[in-house]
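J.: here is my input, please return the structure:
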Amino acid sequence: MTTTRRLAAILAADVAGYSRLIGADEGGTLTRLKEIRAKLIDPTIAAHNGRLVKTTGDGLLLEFSSVVDALRCATEVQAGMAQRNAPTSADQRIEFRIGINVGDVLVEDGDIFGDGVNVAARLEGLAVPGGICVSARVQEDVAGKLDLAFEDMGERALKNIARPVRAYRIATGTVSAQVQETPALALPDKPSVAVLPFANVSSDPEQDFLADGIAEDIITALSRYPSLFVIARNSCFTYKGRVVDVKVIGRELGVRYVLEGSLRKSGSRIRVTAQLVEAETGKHVWAERYDRDLADIFALEDEITEAVTIAVAPAIAEIEQQRAMRRPPDNLDTWAAYQRGLWHFCKMSAADNALAQKFFQQAIDCGPTFGGGYKGVAMALLQGTTAFQTRRPPEVQSLSEELARRAVALDGADAEARSCLGWALWRRGDYDGALAEAERALAMAPNLAFAHGVRGSVLMCSGRPKDGLASLERSIRLDPRGPNSAVRLHQVALCYYFSREYEAAAEAARSAIRSYPGDPLPRRWLAAALGQLGRTQEAKEALGKAISMAPTFFEWYARDRLPWVRPEDHAHILDGWRKAGWREG
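T.: Okay, here's the model as predicted:
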């Protein structure tokens, strides 16, 4: 076995969408590839003094002594493929991606190895179907020698390459025309995301199964969110082991967002990184790193999957709302109007709540079969009853329930719509119906904070405050900065109060006050808990502050038991207030 070194131009090529083509027509695809090799590729390689080093299933590795010859060969092959593909439908085209690099290679028994080869392979992954991507060294060496223009792609971090590599895309001639003709899949009518296989960048190949398992579980978990369109595992995993520009992935899979990540093992520790990228712009929307002990491998996989999932869904929701807010209000389609409504809904003010209803209604008008608009109006009506210290007539309760039922009828698999219906049922005291809807929602979307919150509210008010507490804490954990955080925090205090754990109730109320000092509700529960503890002076001060912040609403709450509060629980609250110094009338 002999090993030598030499400088060479390395060309790496592969067939874009090979797995899809083989899956659709294995025999026909292989026959066409054989013909392309015989009539186009092999003669072009020979004409430019190249050497076929090896084939790799759907790819080729070539070596040239001249970088000019390598690039001429690549452009002629792509031009020939463009002519062959012209009469062919887009889904049946065989298109090559080509990467070219110049570097030092190790030659061993005819094969070539080394960093130069690896860079060429990674550049191929950055090329679009029908396109060519080259390193800065190639661009410099051929400058002025070929009638080609180069589009600077900037420095790129390539998998298993220690240093960033500056990449260029061929931007003129027949190749460019073919690239522009490559069809992009239409985007769905709601946020779409592809989860790529996580790269195992540790030295332990055994960790491949863990990296794949995390990506697969995230795909499954995100698929449970009715607001997302999630690409299936089989399509996502066609990119395994390849470095591909997210813009290309966005076009090929028809998605707006791409989630990618990596896994690195060091001793008994493991580090998982994940980042969410907007495919069209390449902008990073969210990124996080998770360091864990590699003790229980399956528990670790579950933990990281959950952490990534509960971060990604809100990140997508936030960027979608920002996208909708940039559009003129008089030029909103159904989805944009719905997102605009959510943006105002989450602001948690009476004025924004009214605007939210307006945009949700606009979504209904634009798309009467889209359940989101009905769900949105129902949520805004329910939120307006107590969150802003106002009374609403009984017909508002009936309307909110009617709208929520309409949303469920339009899409029974929408966990948010079921949660909204559960909220409406709870508000009129139908605990059994409300709990059933919340649990149906959780069966569909186990990580939906809204559903956990509704379940906790129902259990809190139906004589099971300890169970309610667990659901409320889960809701807070899943959405710690959500619009309902203030409500959930004061409900935690009320759960402790209903459980007769007055010290814990007082501490939870203080925590809620620190987070939301303008909310009078936790001050009420603080006053009641301190009253039960016999700390009269503190209780009296807390009660006075609670009443002064919303006197009319306090009197209403004290005088008229709300439909979702049991008589015995209402009496328990009044008892605490009396001990805090409150006098009826």
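
J.: and the helices in the stretch 1-150 of the chain, which stretches?
T.: Ranges of helices in the stretch 1-150 of the chain, per DSSP state H, counting those that start in this stretch, are 18-24, 26-36, 42-47, 67-85, 115-126, 136-142.

J.: in the second one, what's buried?
T.: Read that as helix 26-36. Buried residues in helix 26-36, defined by neighbour count with 16 or more other CB atoms under 10 Å: 29, 32-33, 36. C-betas here are computed from N, CA, C, even on glycine.

J.: which one of the residues you listed sits closest to Met549?
T.: Nearest to Met549 among the buried residues of helix 26-36: Thr29, at 71.1 Å, using CB to CB.

J.: is it true that that closest one touches Ile22?
T.: Yes. Judged on CB atoms under 8 Å, Thr29 makes contact with Ile22 at a distance of 5.5 Å.

J.: mean neighbour count, the helices of the stretch 1-150 of the chain: which tops it?
T.: Highest mean neighbour count among these (mean count of other CB atoms under 10 Å): helix 115-126, with a mean of 24.

J.: from the rest of the structure, what touches it?
T.: 8, 10-14, 59, 61, 97-105, 133-135, 153, 156, 158-161, 165, 167, 169, 242-245, 248 (CB atoms under 8 Å, 6 or more residues apart in numbering).

J.: can you give me the angle that helix makes with helix 67-85?
T.: 30 degrees (axes from the mean of the first three to the mean of the last three CA atoms, to 10 degrees).

J.: quick one: average pLDDT of helix 115-126?
T.: Averaging pLDDT along helix 115-126 yields 89.

J.: return the distance of that helix from the chain's centre.
T.: Put simply, helix 115-126 sits 29 Å off its chain's centre (CA atoms, centre = their mean, to the nearest Å).

J.: list the buried residues in the longest helix along the chain.
T.: Ranked by residue count, the top helix of the chain under DSSP state H comes out as helix 297-325. For helix 297-325, the buried set under the neighbour-count rule, 16+ other CB under 10 Å, comprises 300-301, 304-310, 312-321, 323-324.

J.: immediately after it, which helix or strand?
T.: helix 334-345 (DSSP states H and E).

J.: what about that following helix, distance to the chain center?
T.: 18 Å.

J.: what does stretch 522-535 give?
T.: Distance, centroid of stretch 522-535 to centroid of chain: 42 Å (CA atoms, centre = their mean).

J.: contacts for that stretch next, please.
T.: Stretch 522-535 is contacted by residues 489-490, 493-494, 496-497, 500, 502-503, 505-506, 508-510, 512-513, 516, 536, 538-540, 542-543, 545-546, 549, 554, 557, 573, 575-582 when judged by CB under 8 Å, 6+ apart.

J.: CA atoms of it as CSV?
T.: Provided in CSV are the C-alpha atoms of stretch 522-535 (Å, rounded to 0.1, in the frame of the first residue of the first chain):
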residue,chain,number,x,y,z
PRO,A,522,-53.0,38.1,44.3
ARG,A,523,-53.4,40.8,47.0
ARG,A,524,-56.9,39.5,47.7
TRP,A,525,-55.6,35.9,48.3
LEU,A,526,-52.7,37.3,50.4
ALA,A,527,-55.1,39.2,52.6
ALA,A,528,-57.3,36.1,53.0
ALA,A,529,-54.3,33.8,53.8
LEU,A,530,-52.9,36.3,56.3
GLY,A,531,-56.3,36.6,57.9
GLN,A,532,-56.5,32.9,58.4
LEU,A,533,-53.0,32.9,59.9
GLY,A,534,-54.1,35.6,62.5
ARG,A,535,-51.7,38.2,61.1
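
J.: let me see the mean pLDDT of it.
T.: 95.

J.: Ala157 versus Thr273, what's the distance?
T.: 12 Å (CB to CB, to the nearest Å).

J.: sorry, wrong one. I was asking about Arg97.
T.: Per CB to CB, Arg97 is found 19 Å from Ala157.

J.: out of these two, name the residue with the larger neighbour count.
T.: Set side by side, Arg97 and Ala157 show more neighbours around Arg97, with 25 against 11, by other CB atoms under 10 Å.

J.: distance from the helix or strand hosting Pro522 to the middle of the chain?
T.: In this structure, Pro522 sits in helix 521-532 according to DSSP H and E. Centroid displacement of helix 521-532 relative to its chain, using CA atoms, centre = their mean, is 40 Å.

J.: same deal with stretch 129-138?
T.: Averaged C-alpha coordinates place stretch 129-138 at 31 Å from its chain's average position (CA atoms, centre = their mean).

J.: same check, this time on stretch 136-145
T.: Here stretch 136-145 is found 40 Å from its chain centre; the criterion is CA atoms, centre = their mean.

J.: right, and the helices of the stretch 1-150 of the chain - which one's nearest Glu395?
T.: Closest of the helices of the stretch 1-150 of the chain to Glu395 is helix 18-24, at 54.6 Å (criterion: CB to CB).

J.: how about the CA coordinates for the closest one, as CSV?
T.: Output of helix 18-24 as CSV, limited to C-alpha atoms (Å, rounded to 0.1, in the frame of the first residue of the first chain):
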residue,chain,number,x,y,z
TYR,A,18,-32.1,11.0,-5.0
SER,A,19,-34.1,9.1,-2.3
ARG,A,20,-37.3,10.6,-3.6
LEU,A,21,-36.5,9.7,-7.2
ILE,A,22,-35.6,6.2,-6.3
GLY,A,23,-38.7,5.8,-4.2
ALA,A,24,-40.9,6.9,-7.1
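
J.: low-confidence regions, the protein specifically.
T.: 1-2, 171-184, 242-243, 297-298, 325-331, 385-393, 481, 585 (pLDDT under 70).

J.: so what's Val565 up against?
T.: Counting by CB under 8 Å, 6+ apart, Val565 touches 461, 573.

J.: that one sits in which helix or strand?
T.: Using DSSP H and E, Val565 falls within no helix or strand.

J.: going forward can the numbers begin at 158, since that is how I track them
T.: All right, first residue 158 from here; so that's Val722.

J.: so what's the closest residue in space to Ser292 that isn't next to it in sequence bridging to?
T.: If the residues on either side of it in the chain are set aside, Ser292 comes closest to Asn258, at 4.6 Å by CB to CB, 6 or more residues apart in numbering. For Asn258, the beta-bridge partners are Ile167 (DSSP bridges).

J.: residues near Asn258, how many?
T.: Neighbour number of Asn258 under other CB under 10 Å is 30.

J.: among the contacts of helix 272-283, the buried ones, what's the ChimeraX command?
T.: Of the contacts of helix 272-283, the buried ones can be selected in ChimeraX as follows, counting by 16+ other CB under 10 Å:
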select :165,167,168,169,170,171,216,218,254,255,256,257,258,259,260,262,290,291,292,310,313,315,322,324,326,399,400,401,402,405
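
J.: the contacts of helix 272-283 in strands, which ones?
T.: If you go by DSSP state E, the contacts of helix 272-283 have 165, 167-171, 216, 218, 254-262, 290-292, 310, 313, 322, 324, 326 in strands.

J.: and the protein, what are its domains?
T.: Domain assignment for the chain by automatic domain parsing gives 160-338, 349-482, 486-736.
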